[in-house]
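**Q** build the 3D model from these lines:
(2 chains)
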Amino acid sequence: MKYKSLVVFLIVSSFFLTCILSIWKIMSTLQGLSFTNLNVTQVFSICILISLAFVLIGNKLNHLIKIFSLSFIFSILYFYLNETSPYWYTFGAFLITLFFMNKLKKYSMESLKEDFISEKIIFDFITLFGVVFFAFVILFPFYIMLVTSFKTQIALLVNPLDFSLDFSKSLTELFKSYFVIFDTYNFGRYILISSAVSVGTVIVTLLFAIPAAYAVARLNFFGKNFLSTSILIIYMFPAIVLVIPLYTVFSQLGLRNSIFGLLIVYTATTLPVAIYMLQGYFKSIPKEIEDAGIMDGQNWFGIILKIIIPLSLPAIASVALYVFMIAWNEFLFSLMFLDSPKSFTLSRAIQYLSGDAETPRQYLMAGSVIVTLPVLFIFIYFEKYLVSGLTSGSVKG
Amino acid sequence: MSDTLSKLEKRTAYTLVLPAVLLVFAIVLFPIFANVWISFKDIELKDIRIPEPRAKKIVKSIPENQSELKIIYKLRNSSLIQEIRNVQFQDKFPKDISPINLDSRCNLQSRKVICNFGNWEAKYRENFEIIIRNNNSEIIDKKTIKSQKPILSGKSDNPLLSTNFTLENFKKVFYENNFIELLLTTFYFTFFGTVGAIIFGILAAQLVNQNIQGRTYMRGILLFPYVGPVVALAYTWTLLLDPNSGTLNALLVNFNIIEKPINLLGQKYITMSILGFEFKLRLALTTVIFFEIWRYFPLAFLFILARLQAIPQSLYEAADVDGASPIQKFIHITLPQITAIISILFMIRFIWNFNKFEDIFLLTGGASGTRTLPINVYQQGFAVSDIGMGSAVSIVIVMLLISFMVIYFRLIGKRANEI
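**A** I've put the predicted structure just below:
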């Protein structure tokens, strides 16, 4: 039993260490190092040896001394394997091994005798590797987006793998793409339009949604149940089936290429979810507080303005942020309704930019960074509100 | 007393709800019904522009006579296909100035020239001339004459409102353009996109639910693809996967994993052989599905994580006492607790993926075997500019959606209330 667990442990730990080291190598290649071989078999065999040494030493040595010395030995071997590599690369590999071995703390020859140890080993390593894997897979495209926007067309063509940034260049050189898209492609205007449309959508949506949500949450009227179920069903209907009729009607009314037309459509498409999220929160406000307001002779307008809104500011904030993000990211309607560069939103402008095959890709990526940064900042800063908003029923996407 | 109160309550409720309901009706429900109307019509993109009578005013001086001016109106029908009936023309002149050679179709009424041009057929053009004279024999200022714009009006049919219907669009939808393949592609895309997103969602949720360091950061990072703007993400991916200078292909070639770059978004099939069996993989479609999974697994992750965190820890402790293995714990404790949320997620994501347009449009534009139903709406309506066809495809989508929803409410609608 013990030897079976040992073999599982060796294979699994070496496999994951090899994977993490390969990711490190790939990332370093993107910094301009010229590796052409992942050396998977060699790395894997060294990993097996090191892991074997790790469990064999067990608790005979102090943990810290053990992991430092083993990582050091490993780094030396690894250095000979990649002879052309600079020292920082090997040092990175050293840190990775150190971190990895620190995670193996609980494994020794004794612990390999436990029940279900092979399964536990696999689960442990999947967890460990999963963090690295998901972080890598998710952040990699964002990283490429950001770095490409700082490169030049020639540099990218000469070596498509070199994503290192040359900080010796002046700032104006480094941010050249950003200057260009603001100067020649009018991105300042598009940022203004996008902000105006998004903020406008938030305001109008809240103006419509707060009273409606209050009525659905608190008042009795004929058709209330029908309304609250149809809100969600309507929300399921996709934008693509609305596009053709709206396009024809908007063309005939002259609402195409107008920010106002876009505002109406965005408001209508975000209203159902705004109402749904808000009424859920309004229901949780104790009714007694409102009764006190009614006693004071407030009408419904006063109740909403003086009691409901102040009490539900967090919910309103989360709806507002959510609606802002939908409106800011929206693409389909802006593609359909906006033809003239005078009224483009950011998303539409980037799509227009990409339509011209001559547009250097760093401009495209600079535009992408500009459209992505605000939402990511909002999201990171208000994550708590937004996550609760996302889970409370909004599932659009 | 209570009766009037409830009446008041009702009236208040309707005033509060009505603006929102009307707006949603106008923008969301009306188009769905309008689709039905348009889908039975033979109508193209160019038909929806309402024809207008137009006039361009050109003012020319007459050399021999300074107190006279010649005005040429270039009249035309803006439409190439429709006639305009009963065109009325009106132009105003300053005091003391009057036309001298008025056309028989026109008359002068208190400084205004009013003409009745009758019917203009499609592509109608005419150069209409008037010579005006200053009655005081002074020089006429050309600019004041030019600044006054003529007003034209006329009646024309709006092809959208006519009542000739046809079944041609639906025939074309079902019998042309490879409807079966279109449907299959849509279902492949929807099904694998949904299942993949849920599987990765479970993995990620299981991961973040462990006590790992920095798990709040991890949760934030995992949601990045979901909150980022689709345009930026799709173009970044196109750049990554580009066969000529994309990073992914360059890396794979650099490490000798592949010999030649693969056009991941532009190649319909790739032949793979696993264990001696050769089969064809829909390459571009698979890539698009991976993008879809990448973008939407965060949502599944978020919902499943919320559910996982609600599972009482005592269940796992009891399982430990009974000596259960990690796999047994996952199968017998975790999975039953998350099946409800997974089934809801599956349905919701299925419907949304079914409707997905932007992602595919931006990545491949529907080329190389990635044409799904929503892409087809766009292609028929705007690339082929056959609005009627586009609407007919929309109707097919709506019908399929309604049937999904019916199935959904039959199967798991009841369970949805339990959560």
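**Q** shaky segments in the chain?
**A** Using chain A. Chain A contains residues with pLDDT under 70 at A:1, A:83, A:388-397.
**Q** chain B is the one I meant
**A** Residue ranges of chain B with pLDDT under 70: B:1-3, B:5, B:159-160, B:211-212, B:412-419.
**Q** would you list every one of the strands in chain B?
**A** B:53-61, B:68-77, B:84-92, B:97-99, B:106-109, B:112-120, B:125-134, B:151-155, B:269-274, B:277-282 (DSSP state E).
**Q** quick one, domains of chain A?
**A** A:2-148, A:179-391 (automatic domain parsing).
**Q** ends of the first one, how far apart?
**A** In this case it means domain A:2-148. For domain A:2-148, the first-to-last residue distance is 51 Å (Cα to Cα, to the nearest Å).
**Q** for stretch B:374-389, same thing?
**A** First residue to last in stretch B:374-389 (Cα to Cα) measures 12 Å.
**Q** what ranges do the helices span in the stretch 151-300 of chain A?
**A** Assigned by DSSP state H, counting those that start in this stretch, the helices in the stretch 151-300 of chain A fall at A:153-158, A:171-174, A:176-183, A:187-218, A:224-236, A:240-253, A:259-283, A:287-295, A:300-303.
**Q** between these, which one is closest to residue B:14.
**A** helix A:187-218 (8.0 Å; Cβ to Cβ). Every residue, glycine included, has its C-beta placed from N, CA and C.
**Q** quick one: that closest one to chain centroid distance?
**A** With Cα atoms, centre = their mean, to the nearest Å as the basis, helix A:187-218 stands 23 Å off its chain's centre.
**Q** could you check the angle it makes with helix A:176-183?
**A** Orientation of helix A:187-218 against helix A:176-183 (axes from the mean of the first three to the mean of the last three Cα atoms, to 10 degrees) gives an angle of 80 degrees.
**Q** elements contacting helix A:187-218?
**A** If you count contacts as 3 or more Cβ pairs under 8 Å, 6 or more residues apart in numbering or on different chains; DSSP states H and E, helix A:187-218 packs onto helix A:224-236, helix A:259-283, helix A:313-329, helix A:346-355, helix A:361-381, helix B:2-24.
**Q** just the C-alphas of stretch B:218-238, formatted as PDB.
**A** Only the C-alpha atoms of stretch B:218-238 are listed here, as PDB (Å, rounded to 0.1, in the frame of the first residue of the first chain):
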ATOM      1  CA  MET B 218      -9.100  34.900  -6.400                       C
ATOM      2  CA  ARG B 219     -12.800  35.400  -6.500                       C
ATOM      3  CA  GLY B 220     -12.400  38.900  -7.900                       C
ATOM      4  CA  ILE B 221      -9.900  37.700 -10.500                       C
ATOM      5  CA  LEU B 222     -12.100  34.800 -11.600                       C
ATOM      6  CA  LEU B 223     -14.900  37.300 -12.500                       C
ATOM      7  CA  PHE B 224     -12.800  39.400 -14.700                       C
ATOM      8  CA  PRO B 225     -13.700  37.700 -18.000                       C
ATOM      9  CA  TYR B 226     -17.400  38.100 -17.100                       C
ATOM     10  CA  VAL B 227     -17.300  41.800 -16.400                       C
ATOM     11  CA  GLY B 228     -14.900  42.800 -19.100                       C
ATOM     12  CA  PRO B 229     -16.400  44.400 -22.300                       C
ATOM     13  CA  VAL B 230     -16.900  41.700 -25.000                       C
ATOM     14  CA  VAL B 231     -15.300  43.800 -27.700                       C
ATOM     15  CA  ALA B 232     -12.000  44.200 -25.900                       C
ATOM     16  CA  LEU B 233     -11.900  40.500 -24.900                       C
ATOM     17  CA  ALA B 234     -12.800  39.100 -28.300                       C
ATOM     18  CA  TYR B 235     -10.200  41.200 -30.100                       C
ATOM     19  CA  THR B 236      -7.500  40.200 -27.500                       C
ATOM     20  CA  TRP B 237      -8.400  36.600 -28.200                       C
ATOM     21  CA  THR B 238      -8.300  37.100 -32.000                       C
END
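**Q** give me the buried positions along that stretch.
**A** B:218-238 (16 or more other Cβ atoms under 10 Å in any protein chain shown).
**Q** just stretch A:76-93 next, same as before
**A** By neighbour count with 16+ other Cβ under 10 Å, stretch A:76-93 contains the buried residues A:77-79, A:82, A:85, A:89-90, A:92-93.
**Q** contacts for it?
**A** The contact list for stretch A:76-93, computed with Cβ atoms under 8 Å, 6 or more residues apart in numbering or on different chains, reads A:21, A:24-25, A:28, A:33-35, A:39, A:42-43, A:46, A:74-75.
**Q** let's have those residues in TSV, adding neighbour count, distance to residue B:392 and secondary structure.
**A** Shown next, in TSV, are those (neighbours: other Cβ atoms under 10 Å in any protein chain shown; distance: Cβ to Cβ, whole Å; DSSP: H, G, I helix; E, B strand; the rest coil):
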residue	neighbour count	distance to residue B:392	secondary structure
A:21	24	56	helix
A:24	16	54	helix
A:25	22	53	helix
A:28	19	54	helix
A:33	18	56	coil
A:34	11	56	coil
A:35	17	55	coil
A:39	17	58	coil
A:42	16	61	helix
A:43	23	58	helix
A:46	21	63	helix
A:74	26	65	helix
A:75	19	66	helix
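**Q** chain B next: which of those residues are close?
**A** residue A:35 (Cβ under 8 Å from any Cβ of the partner chain).
**Q** so who does residue 259 touch?
**A** Going with chain A. Contacts for residue A:259 (Cβ under 8 Å, 6+ apart) come out as A:193, A:196-197, A:200, A:343.
**Q** can you look at chain B instead?
**A** residue B:253.
**Q** quick one: contacts for the residue in the stretch 301-419 of chain B that chain A sits nearest to?
**A** Nearest to chain A in the stretch 301-419 of chain B, going by Cβ to the nearest Cβ, is residue B:355, at a distance of 3.2 Å. By Cβ under 8 Å, 6+ apart, the contact list for residue B:355 reads A:238-241, B:374, B:397, B:401.
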